[in-house]
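Student: need coordinates for the following:
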Amino acid sequence: MNNYCKKASFSFVLMLLIFKAYAQKAEVFSQNDKAIKGYDPVAYFTDSKPVVGEKEFKLSHDGANWYFSSQKNLDLFKSNPSKYMPQYGGYCAFGLAGGYKAPISPDAWTIVDDKLYLNYNKKVQVDWNADQAEMIKKADKNWPNVKKEK
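Tutor: The predicted structure follows:
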């Protein structure tokens, strides 16, 4: 194999690796460089309420900065991010059921089957709560396509 072919092969493999890494990165709702507006995703599970994270307990994960209220919560997240990350990248679950991305309010949340769902606001959450099972089914179906949209 000549040098040109080796360089071309190396470039191709490198591009594939970069593409694969980019393709696996989750789409995460982030505002002001903070996933879920800087709230601690673990606290929804451990404290049963939204808690603002602290800048000293920050972790970059899946292309977003996550904030935690304690080192313990940061460590819990690091040990199993998929358990604590909100569904649909932290976008509004009701919006996803309708086929679109929408921002969230950290105080409009629900845990269903040990998964965190966030909503646009408390009014939208009322509609979400009226038929969660159907909303989840629709949002799960829509997410693979909607997450690719800007």
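Student: when you work out contacts or count neighbours from here on, use the C-alpha atoms and nothing else.
Tutor: OK.
Student: can you tell me what sits against stretch 118-137?
Tutor: Under the criterion Cα atoms under 8 Å, 6 or more residues apart in numbering, residues 86-87, 90-95, 97, 102-110 lie in contact with stretch 118-137.
Student: kindly report the same for stretch 95-115.
Tutor: In contact with stretch 95-115 (Cα under 8 Å, 6+ apart) are residues 29, 36-37, 39, 45, 49-50, 83-84, 86-88, 90-92, 116-122, 125, 135-140, 142-143, 146-147.
Student: what's the domain layout of this protein?
Tutor: Per the record, the chain has its domains at 1-85, 86-150, by automatic domain parsing.
Student: could you measure from the spatially most central residue of the chain over to Asn119?
Tutor: Centrality entry for the chain: nearest residue to the mean C-alpha point is Gly89, 2.4 Å, by Cα atoms, centre = their mean. Distance from Gly89 to Asn119, counting by Cα to Cα, to the nearest Å: 12 Å.
Student: again, but for Asp113
Tutor: 17 Å.
Student: next: Gly98.
Tutor: For Gly98, the distance to Asn119 - Cα to Cα - is 12 Å.
Student: which of these two has more residues huddled nearby?
Tutor: Neighbour comparison, Gly98 and Asn119: the larger count goes to Asn119, with 27 against 12 (by other Cα atoms under 10 Å).
Student: hey, what's that one bridged with?
Tutor: Ser105 (DSSP bridges).
Student: check it and give its pLDDT.
Tutor: The per-residue pLDDT reported for Asn119 equals 98.
Student: just the helices in the protein please.
Tutor: Ranges of helices within the chain are 3-24, 43-46, 71-79, 81-84, 93-97, 122-130, 132-146, based on DSSP state H.
Student: with just CA atoms, put the fourth one into PDB.
Tutor: I take that to be helix 81-84. Extracted in PDB, the C-alpha atoms of helix 81-84 (Å, rounded to 0.1, in the frame of the first residue of the first chain):
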ATOM      1  CA  PRO A  81     -25.900   8.500  34.400                       C
ATOM      2  CA  SER A  82     -28.700   6.800  32.500                       C
ATOM      3  CA  LYS A  83     -30.600   6.200  35.700                       C
ATOM      4  CA  TYR A  84     -30.700   9.900  36.600                       C
END
